[in-house]
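**Q** Make a model of this:
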Amino acid sequence: QVQLVESGGGLVQAGGSLRLSCAASGRSIATSAMGWFRQAPGKEREFVAAIDWTGSTRYTDSVKRRFIVLRDAAKNTLFLQMYSLKPEDTAVYYCAARSALTLSTTGRSYDDWGQGIQVTVSS
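**A** As a prediction, the model looks like this:
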């Protein structure tokens, strides 16, 4: 089991940037596929970005060229660097880990989740 703790959320104006962090313990993220998901009020949880054990990444279309998922294996920490934020990016963001090496865009495929962190983008 992996313990995940997100940080770095907050309130930002449209067009601004934020970097979310996800500190992991219990297993190395270098040997895990990791993902970011988000859930806006009244909406279902949706896939945002993922990275597999080789470093290959995938993004949902709405965040491509604006968000970057990366990891620091030495710190066992996953990041989501977010640029050009829009009001529609407002949501609770969750970090997730799966024991498999390959990434997935499906939340059910992930075994462990962080508690979530609020990101609010004002217009």
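**Q** Could I get the buried residue list for stretch 29-43?
**A** By 16 or more other CB atoms under 10 Å, the buried positions in stretch 29-43 come out as 29, 32-38. All C-beta spots, glycine's among them, are computed from the backbone N, C-alpha and C.
**Q** quick one: which of these sit in strands?
**A** Residues of these located in strands (DSSP state E): 33-38.
**Q** Low-confidence ranges, this structure, go.
**A** Within the chain, no range satisfies pLDDT under 70.
**Q** Leaving out sequence neighbours, find the closest residue to the residue nearest to the spatial centre of it.
**A** Centrality entry for the chain: nearest residue to the mean C-alpha point is Trp36, 2.5 Å, by CA atoms, centre = their mean. Spatial nearest neighbour of Trp36, excluding adjacent residues (CB to CB, 6 or more residues apart in numbering): Val48 at 4.3 Å.
**Q** Point out the other helices and strands that whichever strand or helix holds the one you found packs with.
**A** Using DSSP states H and E, Val48 maps to strand 46-51. Where contact means 3 or more CB pairs under 8 Å, 6 or more residues apart in numbering; DSSP states H and E, strand 46-51 is packed against strand 33-39, strand 57-59, strand 67-72, strand 77-82.
**Q** Return the set of buried residues in the shortest one.
**A** Within strand 57-59, the residues scored as buried using 16+ other CB under 10 Å are 58-59.
**Q** From Arg58, how far out is Ser122?
**A** 29 Å (CB to CB, to the nearest Å).
**Q** ok, Ala33 - contacts?
**A** Residues near Ala33 by CB atoms under 8 Å, 6 or more residues apart in numbering: 50-53, 97-98, 100-104.
**Q** For the strand holding Val48, which strands pair with it and how are they oriented?
**A** Paired neighbours of strand 46-51 in the sheet (DSSP bridges): strand 33-39 (antiparallel), strand 57-59 (antiparallel).
**Q** Same list (the buried residues of stretch 29-43) but as TSV, adding distance to Gly9.
**A** As requested, the buried residues of stretch 29-43 are arranged in TSV below (distance: CB to CB, whole Å):
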residue	distance to Gly9
Ile29	19
Ser32	22
Ala33	23
Met34	17
Gly35	17
Trp36	12
Phe37	14
Arg38	11
